[in-house]
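Q: predicted model and sequence follow; I will ask about them next.
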Amino acid sequence: MDSNFKKGDSLSKEEKIAQIEKQISVSLFIQAAAQITEAILLSRLYALRDGTEGESEIVAGVWVQSIGQTIEALAVSKELSTFNPEEVRELQKIIVSSDFIQSIGAAIEGAGGIKALKETTESFIP
C-alpha cells in the first residue's frame with residue numbers, strides 16, 4: 001500500500017485528499033495527451049490509406065473524445081485551484097459535460113467501426 005496511507009503518517013486527511021486530487025489532475029492530462037496522440041496518428045494513418053467512410057467516422061469520434069478529455073483535464077485542474085463555491089459548481093458542470101462529449105465521441109467511433117466492418121465484409125451483424 002502507498003506509504004501516504006500508513007497509520008502513523010504525519011499528513012492530515014485534508015492533505016492526503018489534496019495530494020490525491022493533484023494526482024488525478026495529472027493523470028487526466030496524461031490521458032488527454034495520449035488521446036490527442038491517438039487522434040493525430042489515426043488521422044495520419046487514414047490519410048495515407050485513403051480511408052473509408054467508416055474509418056473517417058472512427059477518426060472523427062476519436063477527435064471528439066480528445067476534445068472532451070482535454071476540456072475535462074483543464075476544468076479539473078482549474079477546480080482544484082479555485083476556492084469560490086460558485087466557480088467550483090460551474091467547473092463541475094463543465095466536467096460532467098465533458099464526460100458526455102467523450103461519450104458522444106465513443107458512440108461516433110463505435111458507429112464508424114461498425115460501418116468500417118460492413119464496408120469490408122457484409123457478413124457482420126452488430
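A: Thanks, I have the structure now.
Q: return the distance of stretch 77-96 from the chain's centre.
A: 18 Å (C-alpha atoms, centre = their mean, to the nearest Å).
Q: shaky segments in the chain?
A: For the chain, the stretches flagged by pLDDT under 70 are 1-8, 122-126.
Q: could you redo the last one with a cut-off of 80?
A: 1-9, 51, 121-126 (pLDDT under 80).
Q: show me the helices in it, by range?
A: 13-49, 53-80, 85-120 (DSSP state H).
Q: ok, and which of these has the densest surroundings?
A: Counting by mean count of other C-beta atoms under 10 Å, helix 53-80 has the highest mean neighbour count of these, with a mean of 20. Quick note: C-beta positions are derived from backbone N, CA and C, even for glycine.
Q: show me what that helix is packed up against.
A: Helix 53-80 is packed against helix 13-49, helix 85-120, with contacts defined by 3 or more C-beta pairs under 8 Å, 6 or more residues apart in numbering; DSSP states H and E.
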